[in-house]
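1. Sequence isn't available, so here's the structure alone:
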């Protein structure tokens, strides 16, 4: 059995709030661009409503991956925990 590596850690609330606030702002831009981009590409390629929704869902999924990558990178810069 391995010893716990967490020790006495506390949540660094200013860092958590900063990352969440940035994620909300960037998420609005990413998901708005996914929706608008899917709509515009569907018109460009002459897709029907079902094709439009599928394209928007694919771009939305890509947006989720982008947001996960952003939060992971932001957590390296602004750690969510610190030693007490």
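-> Received the coordinates, thanks. Predicted model, so just to flag it, every value in this text is computed and none were measured.

2. starting at the chain centroid, how far to stretch 62-70?
-> Its chain's average C-alpha position is 4 Å from that of stretch 62-70, according to Cα atoms, centre = their mean, to the nearest Å.

3. now the strands for the protein?
-> Counting by DSSP state E, the chain has these strands, from start to end: 9-11, 81-83.

4. Dump those to JSON lines, plus mean neighbour count and mean pLDDT.
-> C-beta coordinates here come from the backbone N, C-alpha and C atoms, glycine included. Compiled in JSON lines, the strands of the chain are given as follows (neighbours: other Cβ atoms under 10 Å; pLDDT from 0 to 100):
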{"stretch": "strand 9-11", "mean neighbour count": "11", "mean pLDDT": "91"}
{"stretch": "strand 81-83", "mean neighbour count": "11", "mean pLDDT": "89"}
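
5. Rebuild those strands as JSON lines, extending it with distance to residue 36.
-> Written out in JSON lines, the entries for those read as follows (distance: least, Cβ to Cβ, whole Å):
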{"stretch": "strand 9-11", "distance to residue 36": "36"}
{"stretch": "strand 81-83", "distance to residue 36": "37"}
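
6. Nearest to residue 53, out of those?
-> When the strands of the chain are ranked by proximity to residue 53, the top entry is strand 9-11, at 39.2 Å, counting by Cβ to Cβ.

7. Give me the below-cutoff pLDDT ranges for this protein.
-> Scanning the chain for pLDDT under 70 picks out 1-7.

8. And for the residue nearest to the spatial centre of it, nearest residue in space, chain neighbours not counted?
-> Geometric centre of the chain, nearest residue: residue 67, 1.7 Å, by Cα atoms, centre = their mean. By the measure of Cβ to Cβ, 6 or more residues apart in numbering, the closest residue to residue 67 outside its immediate chain neighbours is residue 27, 5.5 Å from it.

9. Determine the number of other residues adjacent to the one you found.
-> By the measure other Cβ atoms under 10 Å, the count of residues near residue 27 is 17.

10. That one contacts residue 64, doesn't it?
-> No - under the criterion of Cβ atoms under 8 Å, residue 27 lies out of contact with residue 64, with a separation of 9.3 Å.

11. got the buried residues for the longest helix anywhere in the chain?
-> Counting by DSSP state H, the longest helix found in the chain is helix 13-45. Neighbour counts using 16 or more other Cβ atoms under 10 Å place 15, 19, 23, 26, 27, 30, 31, 34, 38, 39, 42 of helix 13-45 among the buried residues.

12. Fine, thanks again, bye for now.
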